[in-house]
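Asks: no sequence for this one, just the structure:
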């Protein structure tokens, strides 16, 4: 009987302690109403700042100047005087055509000039003598007229001979084929002993000037009209570096030298709806080769009152419309629909929806909804980064 009473007392004590614990849990630390503390979120304060807007477009390199070497006279190639793939200077002899037939033609034309010059004084003296004799009727008028005609004919023949000699001299000067520009020469399409013809369709070799080089970049007319409209509306300001262009190579590395935007073409390609932008880029080390694919970062202008917000703070509706959650002066969460212009690094450029001084939630988005009360703390990127790195290190340690 005594043991039964002890058991009943133990059970009653256990029930009383359990009820007390449940009552404390139900009341919570803030009393019987069950109120929870406001969730804590990290916010950033929006400020306007000047930003230089750029557009990244694909492009192809092209030689600054290109010259296809063709003979101006026909003949047999005697020598090739350059190394394929080497740099050549303007005026350097590249090929030598057999000059013998052109030398002979020049010598013959030169002899004809000498012959005409030798006959001319005698005919001039005869014309002068007959002129005096015809005045006193010592000779007939016809004899004097024949002397004048012979003198004029020899003068014309002398001029023709000089023209023929000059033509032969020009043809002879074309037998050494010289480089019209400085640059890098490619492979030779002819060898010694080959017969070439004047102005043949197939080039003997090609010279390309590669310092500087052109980068031809297509830009859509839609982008061009948008840029002009923004400049006209004052939303963008032209700056002194607007013509500067940065180049990104095929492997993603940045080319160390900046290019200069020279002009925009005035004709639109009907197949692509774009115009060509031509950029001149220094190429002293020959890194850029003709036909290489690159990306050109072209500066459009400067926006003095730009609003940038971290991409981490932007959410999207099921339809894909961007929005951000901000905290108003009363500590309430408000949803703002945004209009985004473009991504700049890890930020979005916001066209509308935010103003300077707004507090945008960047951490704790999953804990709050519009209309909820929150407690705000400033966002500390360094703390987040260290925490993230620490978690990664812990995960690696655990996995090992």
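Replies: Ah, there it is. None of the values given here were measured: they were computed from a predicted structure.
Asks: contacts, neighbours, all on C-alpha from now
Replies: Fine.
Asks: So, low pLDDT: which residues of the protein?
Replies: Within the chain, the stretches with pLDDT under 70 are 1-36, 227-242, 381-400.
Asks: And the residue nearest the centre of it?
Replies: residue 296 (3.6 Å; Cα atoms, centre = their mean).
Asks: which SS state does the spatially closest residue to that one that is not a sequence neighbour fall under?
Replies: Closest residue to residue 296 apart from its sequence neighbours, by Cα to Cα, 6 or more residues apart in numbering: residue 247 at 4.8 Å. Using DSSP: H, G, I helix; E, B strand; the rest coil, the structure places residue 247 in strand.
Asks: repeat for residue 49
Replies: strand.
Asks: Quick one: residues contacting it.
Replies: 304-307 (Cα atoms under 8 Å, 6 or more residues apart in numbering).
Asks: name the helices or strands packed onto whichever strand or helix holds the residue nearest to the centre of the chain?
Replies: For residue 296, the enclosing helix or strand under DSSP states H and E is strand 293-310. With contacts taken as 3 or more Cα pairs under 8 Å, 6 or more residues apart in numbering; DSSP states H and E, strand 293-310 sits against strand 48-69, strand 244-248, strand 347-352.
Asks: Most tightly packed of these?
Replies: strand 244-248 (a mean of 21; mean count of other Cα atoms under 10 Å).
Asks: okay, now the domains of the protein?
Replies: 50-62+209-381, 72-97+175-202, 99-174 (automatic domain parsing).
Asks: ok now the last one, how far from the chain's centre?
Replies: It stands for domain 99-174. On the basis of Cα atoms, centre = their mean, to the nearest Å, domain 99-174 sits 63 Å off its chain's mean C-alpha point.
Asks: for it, how far is the first residue from the last?
Replies: 9 Å (Cα to Cα, to the nearest Å).
Asks: same thing with stretch 362-373?
Replies: Note: stretch 362-373 ends 16 Å apart using Cα to Cα.
Asks: wait, residue 172 sits on residue 103?
Replies: Yes. The pair residue 172 and residue 103 passes the contact test of Cα atoms under 8 Å, sitting 6.2 Å apart.
Asks: Specify the beta-bridge partners of residue 220.
Replies: In this entry, residue 220 is beta-bridged to residue 274, by DSSP bridges.
Asks: Number of residues surrounding it?
Replies: Using other Cα atoms under 10 Å, residue 220 has 16 other residues around it.
Asks: do the same with residue 71
Replies: So residue 71, with other Cα under 10 Å, has 21 neighbours.
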